[in-house]
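K.L.:
give me coordinates for this.
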Amino acid sequence: MKGGVVRMNIETDRYQIASLSEQSQALHIIQEAEAKIAEMTGRDVTLIAYSKTGATEQQH
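P.N.:
The predicted structure follows:
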């Protein structure tokens, strides 16, 4: 569907929005990818990071 509006409703209890506020490098990578995709497509994009519900966070 070119130029139209696509609405999505994603419901799952297996994944949740990933909390990346403490992960500046991960946020930077996502922002760079958004910018590159926007440049390629000529449209603004937003990438959303999900993590598995109940998964333990890795410490680096």
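
K.L.:
would you map the helices across the protein?
P.N.:
24-41 (DSSP state H).

K.L.:
low-confidence ranges, it, go.
P.N.:
Screening the chain residue by residue with the criterion pLDDT under 70, one finds the ranges 1-3, 55-60.

K.L.:
in it, which residue is closest to the centre?
P.N.:
Note on the chain: the residue nearest the mean C-alpha position is residue 48, at 1.6 Å, using Cα atoms, centre = their mean.

K.L.:
wait, isn't that residue in contact with residue 16?
P.N.:
No - with the criterion set as Cβ atoms under 8 Å, residue 48 and residue 16 do not qualify as a contacting pair; they are 11.0 Å apart. Every C-beta, even on glycine, is put in place using the N, C-alpha and C of the backbone.

K.L.:
from memory residue 49 sits against residue 17, does it?
P.N.:
Yes - here residue 49 lies in contact with residue 17, judged by Cβ under 8 Å, at a distance of 7.2 Å.

K.L.:
neighbour count winner among these two?
P.N.:
Set side by side, residue 49 and residue 17 show more neighbours around residue 49, with 14 against 9, by other Cβ atoms under 10 Å.

K.L.:
number of residues surrounding the residue lying closest to the more buried one once chain neighbours are set aside?
P.N.:
Leaving aside its chain neighbours, residue 49 sits nearest to residue 18 (4.0 Å; criterion: Cβ to Cβ, 6 or more residues apart in numbering). For residue 18, the count of nearby residues is 16 (other Cβ under 10 Å).

K.L.:
what are the phi and psi angles of residue 18?
P.N.:
Torsion angles at residue 18 (phi, psi; degrees, to the nearest 10) stand at phi -70, psi 130.

K.L.:
contact partners for it?
P.N.:
Taking Cβ atoms under 8 Å, 6 or more residues apart in numbering, we find residue 18 in contact with 49-51.

K.L.:
how about these in TSV, adding distance to residue 29?
P.N.:
As requested, the contacts of residue 18 are exported to TSV (distance: Cβ to Cβ, whole Å):
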residue	distance to residue 29
49	10
50	15
51	15
